[in-house]
Each structure stands twice: as C-alpha cells, then as structure tokens.
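J.: sequence first, predicted model second:
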Amino acid sequence: MSGTFVGMPAFPVAAHEAVNNQTLRGNLRHATHTIRAKRAKAVAEVSDWAELREAGKETKDHTLRHLDRYLVQLEESVVAAGGTVHWAADADEANRIVADLVKATGESEVVKVKSMATQEIGLNEALEAEGIHAYETDLAELIVQLGKDRPSHILVPAIHRNRGEIREIFAREMSEWGRPAPEGLTDSPAELAEAARLHLREKFLRAKVGISGANFMVAETGTLVVVESEGNGRMCLTLPETLISVVGIEKIVPTWRDLEVYLQTLPRSSTAERMNPYTSTWTGTTDGDGPQNFHLVLLDNGRTDTLADEVGRQALRCIRCSACLNVCPVYERAGGHAYGSVYPGPIGAILSPQLRGTQSEIDASLPYASSLCGACYEVCPVAIDIPEVLVHLRERIAQGGPVTRDGSKVVLQPAKGHAAERAAMRAARWAFSHPGALRTGQRLASRTRRFHPRTLPGPGKAWSDTRDLPAVPAEPFRDWWQRTHGGKDAK
Amino acid sequence: MSSRERILGRVRRALADVPRDDTPYEQALERRYLTEHGERSVEQRVDLLAENLADYRAVVHRCPEGELGTVISGLLAERNSASVLVPPGLDEAWLAATEVPRVTDRADSTPHDLDRVTSVVTACAVAIAETGTIVLDGGPDQGRRRITLVPDHHICVVRVPDQVVASVPQALERLDPARPLTWISGPSATSDIELDRVEGVHGPRTLEVILVT
Ligand code: SF4
C-alpha cells in the first residue's frame, strides 16, 4: 500500500487521542448510531436475508478459489468489448500506468469517482507529482480533499466533520480549486450540497478523462458496475472521452446473474436503502455513448499475499459496504483515522495488515484494535468472520510463522519484547479499560463457551495470565444488543 | 516476466492448498434465496412500484396512454421548462401537446449544450417494484446516458404492467449486459453531511415517473 499514512502512530496512540476529541466522538456516535438503526430495518424487510448472505459468501469464495481462471476470462471479455486491460502488481506500477495513460491524452486534470482502490495506492498524490490534478467529485471526498484531510469511513469519508466544519472548509478552500463558494454560505446541508454542485459541475462539463474504481466486475461479460448516490459517478463515467478504472483483482463475480445477490445486499448494508439512487454498468465501450477509450487496471498490491493465507483470505470477500464500521464499539470511540489506512474499522483491522504486512507498528497493532465482540461478523453481508481472522493475525504476530510477502513465502519472527507486542498490550489495555467496548460480549468466548477459556490467545496471554477473563455472557450477542442498545438506537 | 504472468502465478501458488474442483459454476452454487419477495397480483406490483418510487422522493403520476401527451405537456408547463431534450426514437405523440422547444441530442453537442436544457423525457427498459427502480438501457426511446444526467428535470415513462418486474433478479434476466445501463432509484441524493438526506447533488434534482396504461 502507499505511503499515505506512513508515520501514523500505532492504533492505541491514535485511538487514545481520538477518544479525547469530543467533537469527533459526537459526530461519529451520531452517524454510526443513525445508520445502524436504519440498516437493521432495511435488512428486516428482506425475508431471505440469510440465504442472500450465504450466496454472496459462496459466490465470492468460489471466485477466489478459481481466481486465475476468472481473471483471464474477464480480460478476454473486456478486450472483446473494446476495452484495454493492464495488470499492476503493486501501487507504484498502477500509478505509473494511470499517469502514462492520462499523459497520453494530453490532459493535465482528471475527475474521479470515489474509489477505495485509488486511495489505497495514493493515486492522487502520484498524479500530482506528474503535474496532473485529480479532482474528487463525491461530496464527502470533496470535503476531505478541500480540508487537506484523510477519509475516516468507507462510505461517508467525512463522517468526522459536522456541518459547521464543512461550511468553514468550503468557504475557505473552494476558490483555490475552482468556482468559489457562494457569498453568505450557511451550514444548511441543502446549501452546502448546492455549493458543491456548482463547484463540481464546472469540472464535469470540461473533463476529458475520468478515473473510477468498480464495485463489481463480471468475468462472463466484461461488465463493470459502479454503485453510488449523487450522480457524480455517472458524470465521471459518462461525460469524459477516456475512462480509466483501477480495480482490485478480488472484485470479480463470475456471471451477470450473480449481481442479483449483491445489488440486493450492498445497498441495504451500506446506506440502508432498498436501492442506491444510481447504479451504472458498462461493458467496454459503446459507439457514440460515453467514453470511447476504456482502460481497466487490475490491481494486486498485496491481494495475492492475502489470498495465500488460508484463514485470512476471506477478507477478500469484502464488498466495502461499511456495515462493520457502524456497529463496532472500538471504531465508534477511536474514529477512522486511528486505523492508519484507507480501510478503517473491523475490516481495516484485518485487511491492512494482510495487504501491507505487519512490519510497521501500526500494522502490527491493528489486529488488537477490537474487543472481539462479533458484531462485525453478524452484520457482514458476505459473512466474513472478522474475529476469527483477528485472532489468527494476533497469533501470527505474537508467535511468528509462515506468511507470503510479494509472492514469496517468508517466515515471520515472533514479536518478542518488540514494538508490536508493546503496541498490542497497549491496545488490549485500552480495550479493557473501556468496559463499554468489552462488555459487548466476547464472541470468541461464547463460541468456545464449553471450554471455559481462561487465557487470551497471542500476546494477550501474558495479560490474562494474572487475571480472569470476564465471564462469558450467557445470552447471545444479538439479544444483548437489542436489550441494551435497542431503545437507544431507535430514534 | 510481465505483471500479468507474475500476478497469475502468485494467484496459483496462493491457491496451492485448495483441492482441484471442476464443478461447473452453475452447479457450484446453491441459490436458496427468493426470486421475488411475497406474492402480488399485477396491480399490487404496480402499486408497490409507485409506493417505493414515492418513498425515495420521485414524483409519480398515472394515466392511460391516450392522455400521456397532455400529462407531459402539463408537467413541462408546471416547471416553466424552456427546452426539452428528446431521444431520437421517442414516440412523437408523447410531445405532440407541448409547445416547449425541443432539443435533440446530437453527436457533436457538448456537455455545456446539455447543461442549458431544462427537462428531458425518456422511456425506460424495465422498472423494479420491490426497490422502486427504473432502468434505462440506451435504447432509441431512452437515448444516450448523458441526456438523463445533465438536465435538472427528468420525466420517465413506464409502460405498466408489461415493463414492471417484481424484483432485482427478474430485472437482471431481462437486461442485456452488453448495453450501458443506468439504474435510477429516486433523484440524485447525498447523505454526506451529518447523514441528512439532501436531494440533487449532481444528477437531476427532480425525477417524475409516469406510469402509463
Ligand atoms: S467486512 Fe463485511 S461488513 Fe465490513 S465492509 Fe466488508 S462486506 Fe461490509
């Protein structure tokens, strides 16, 4: 992954700072609790949710098991539909490919659809270094970009900002980038959205190059799918002459029909809507309609290393819905920035250390950024067992063992008296000193309840050697959550 | 070695532990989920579409085929539309009753040209009742994707009941992935500012759907 977050303090330090920031905690709490309650309602509307979730999981697992075959099939169908396919082993290679493609058009600015993959590789910074300005067009991404800030949530990257702060940023920064904010701008969401509309429309209408990611790629047909709300995605996918999509290799589904599963589970899990306002699909290029040059950059950047881990590979099923963030008691307190990567929350805690390896202090501490309460697993629409992967990664860090880095097998040394362990202990202390986070039930413990575990796995062992683990809750997590949070969440 | 070979090689090595399995995809997956939620009559399905469209703040109208021209003309007048974009294959009768100047989307019209147009009228390919979604597939009566994107006011005509399906699975079955598709559920919206929903950031701020029988 890119150096975007290099120099980040380890999770416990960053989390500690965030916890003391009252505005941040207020903004976050409001946001996560609102989405959480809405999501539960949207999911309850669908009587076959469990079956959809299972199909979503199985389809992704099947695809990952045959990923080489589906990648080749996808490449063939995209080329047959008039697109060009590029392969990028890491962030640098992907950035170079995109910069060269933009330069070949003779343009020095591009408009962008919100995309995790391009954030992961630090594309905007790489393009800037080549003299190319990349404009984020998603409202939240615009807020982050203008505020010279970092995204803190997968779905709502500016979730940590309230309306007053956003007004401030628009009034101060918009003129630096193009059309200034209107005089006398207030902090009403409608006015702020209008200011963004005017500011960005000027860019859309003249843009010659668009850059996007994709939520799904269909191997059978070569179709790419982008799911969004505002229409900025449609603008970038439709108006420019050249479209460049940078997509992780795990985003494949085998057939057109498979979309029926994800187009039902993704919107409900992410924005808690029956369907998001706009979904665009495109298959190569269409004569006279939309971009006439289409480039697909297939990105590895640690994904094949993740695939090599038998327990950890399930993280590649993730469809980036962000449901796990909104239910996580640790995320709610710590905020997205504390995770030190573009993937915050529970999914970030298992994905970043796998994509980037665990050499740095922040990455080694991430598997400890959890109380293992299991709420993330319960809401995940592709049933990723995040607690299982967290425990697995903790063991890896504490005890060492074989891992794959850049395609080669290496043996990780146990983190003895080492920064990682210190970070881990601090993280554990942090979690345990916040009883609210811990009391949310220990999923791991309840699964092995009959074994009456007395010690924590991994470095937590030293801690629990001298203490008893909290009693295993007798009631299932879901019941507990309903009983204790149900009233509060239902607004 | 090219990056293509490097990545494919890494994938194959990463999967060394996975037993060989040549079950064809159609058999590899059990699809136990439903193809439709609940049983509804044709009228109920159309009602559900209307309800869900309205729930996401689209404005819904209903009329028999013979009155379509009058209804469209009324909607354009209500908005004081200065001009209306029309896809090349739109039924002439739909706009017969209006005086609003017509603009046709030409190959050489720029996005700025489109930005000066007030309204656009199109048909659709299919509509999904359970989600309140209309899908455009670029057919002659729907036009290029950009015409329903840049103007601020979109009027979309759905033929009921034949263009209305119950669910997402039923819609995908009817759609051709080779065409560029736009799925629209209500007007453009954002919830990025303190999760307050605001309609219309970049796409049309008003979506009017006419269910025509
Ligand atoms: S891990 Fe699951 S819940 Fe979290 S973002 Fe990914 S798909 Fe959504």
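T.: Thanks, I have the structure now.

J.: and residue A:214, what is it in contact with?
T.: Listed by Cβ atoms under 8 Å, 6 or more residues apart in numbering or on different chains, the contact partners of residue A:214 are A:224-226, A:245, A:247, A:251. Using the backbone N, CA and C atoms, a C-beta is placed for each residue, glycine as well.

J.: next one: residue B:94
T.: B:68-69, B:72, B:121, B:157.

J.: out of the residues you listed, which is most surrounded?
T.: Neighbours here mean other Cβ atoms under 10 Å in any protein chain shown. Within those, the largest count is held by residue B:121, at 30 neighbours.

J.: list the contacts of that one.
T.: Residues near residue B:121 by Cβ under 8 Å, 6+ apart: B:72, B:84-86, B:90, B:94-95, B:155-157.

J.: buried residues of the longest helix that chain B contains, list them for me.
T.: Ordering each helix of chain B by length in residues (DSSP state H) puts helix B:42-55 first. Within helix B:42-55, the residues that count as buried by 16 or more other Cβ atoms under 10 Å in any protein chain shown are B:45-46, B:48-50, B:52-53.

J.: and which of those residues is nearest residue B:15?
T.: Distance ranking of these against residue B:15, using Cβ to Cβ, places residue B:52 first at 42.3 Å.

J.: Three-state assignment for the closest residue to chain A within chain B, please.
T.: Chain A sits closest to residue B:203 of chain B, with a gap of 2.7 Å, by Cβ to the nearest Cβ. Under the three-state scheme (DSSP: H, G, I helix; E, B strand; the rest coil), residue B:203 adopts coil.

J.: if we can go back for a sec, identify, from the buried residues of helix B:42-55, the entry nearest to residue A:208.
T.: For those, the nearest to residue A:208 is residue B:53 (35.2 Å; Cβ to Cβ).

J.: can you pull the contacts of that closest one?
T.: By Cβ under 8 Å, 6+ apart, the residues touching residue B:53 are B:60, B:132, B:134, B:186, B:209.

J.: give me that answer again for 7 Å
T.: Listed by Cβ atoms under 7 Å, 6 or more residues apart in numbering or on different chains, the contact partners of residue B:53 are B:60, B:132, B:209.

J.: now list the buried members of those residues.
T.: Taking 16+ other Cβ under 10 Å as the criterion, what is buried in the contacts of residue B:53 is B:60, B:132, B:209.

J.: wasn't the first one part of a strand?
T.: Read that as residue B:60. Yes - when the secondary structure is assigned by three-state DSSP, residue B:60 falls within a strand.

J.: verify the stated contact: it with residue B:54.
T.: Yes - Residue B:60 lies in contact with residue B:54 (Cβ atoms under 7 Å); the separation is 5.2 Å.

J.: get me the contact residues on chain A for the ligand.
T.: A:269, A:318-324, A:347, A:379-382, A:384 (Cβ under 6 Å from any ligand atom).

J.: which one of these is nearest residue A:262?
T.: For these, the nearest to residue A:262 is residue A:319 (6.2 Å; Cβ to Cβ).

J.: ok, that closest one - contacts?
T.: Residues near residue A:319 by Cβ under 7 Å, 6+ apart: A:215, A:262, A:266, A:381-382.

J.: tell me the helix or strand right after the helix or strand hosting residue B:75.
T.: Element membership for residue B:75, per DSSP states H and E: helix B:68-78. Per DSSP H and E, the first helix or strand lying C-terminal to helix B:68-78 is strand B:84-86.

J.: appreciated, that's everything.
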